[in-house]
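Participant: Need a 3D model of the following:
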Amino acid sequence: MREITEERGSLNLDFLCSQPLEEAAAWLNHFAGIGPKTTACVLLFTCKMPILPVDVHVHRTSIRIGLIGKKVTADKAHILLQALLPNDARTIYNFHKGLLRLGQRLCVYDRPRCNQCQLTELCNYYRTVVKPQ
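Facilitator: As a prediction, the model looks like this:
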């Protein structure tokens with residue numbers, strides 16, 4: 001926050017909302033400690049730009065469902081998942097919110113509640129790990 005204030009004269013990021021997505025993302029990313037998730041959160045939630053935040057829940061559920069491979073890192077997942085979605089902030093927001101809630105409520109880390117999930121027919125984890133048992 002100190003670096004932003006020193007560079008901009010105040011702690012206000014509203015100017016990012018009028019910049020092209022790539023420029024706004026590059027500006028945020030030049031600060032130490034700001035990575036793809038924080039950048040995407042600021043730009044999607046504040047500026048309503050079409051960029052997907054990938055947190056631990058979105059990452060885990062995307063792997064289990066089969067949208068990305070098991071060894072895909074969170075940083076790489078930003079790129080791969082973004083490519084699956086239309087360039088529309090509302091759709092990206094809804095996708096993020098849906099996978100976030102799924103990962104918090106049902107597709108939890110240690111014991112996924114597959115018996116309560118509506119996505120079992122589409123889910124690689126259910127088909128390959130849960131159902132064969």
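
Participant: what's the helix or strand for the closest residue to residue 11 other than its chain neighbours?
Facilitator: In space, and not counting its chain neighbours, residue 11 is closest to residue 5: 5.0 Å by Cβ to Cβ, 6 or more residues apart in numbering. Just so you know, the C-beta spots here come from the backbone N, C-alpha and C atoms, and that holds for glycine as well. In this structure, residue 5 sits in helix 2-8 according to DSSP states H and E.

Participant: list the helices and strands that helix packs on?
Facilitator: Using 3 or more Cβ pairs under 8 Å, 6 or more residues apart in numbering; DSSP states H and E, no helix or strand is in contact with helix 2-8.

Participant: Could you export the next helix or strand after it as PDB, CA atoms only?
Facilitator: Next helix or strand after helix 2-8 toward the C-terminus (DSSP H and E): helix 21-29. In PDB, the C-alpha atoms belonging to helix 21-29 read as follows (Å, rounded to 0.1, in the frame of the first residue of the first chain):
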ATOM      1  CA  LEU A  21      -7.100  -5.100 -19.000                       C
ATOM      2  CA  GLU A  22      -3.600  -6.000 -19.900                       C
ATOM      3  CA  GLU A  23      -2.200  -2.600 -18.800                       C
ATOM      4  CA  ALA A  24      -4.100  -2.700 -15.500                       C
ATOM      5  CA  ALA A  25      -2.900  -6.200 -14.800                       C
ATOM      6  CA  ALA A  26       0.700  -5.400 -15.700                       C
ATOM      7  CA  TRP A  27       0.600  -2.300 -13.400                       C
ATOM      8  CA  LEU A  28      -0.700  -4.400 -10.400                       C
ATOM      9  CA  ASN A  29       1.700  -7.200 -11.100                       C
END
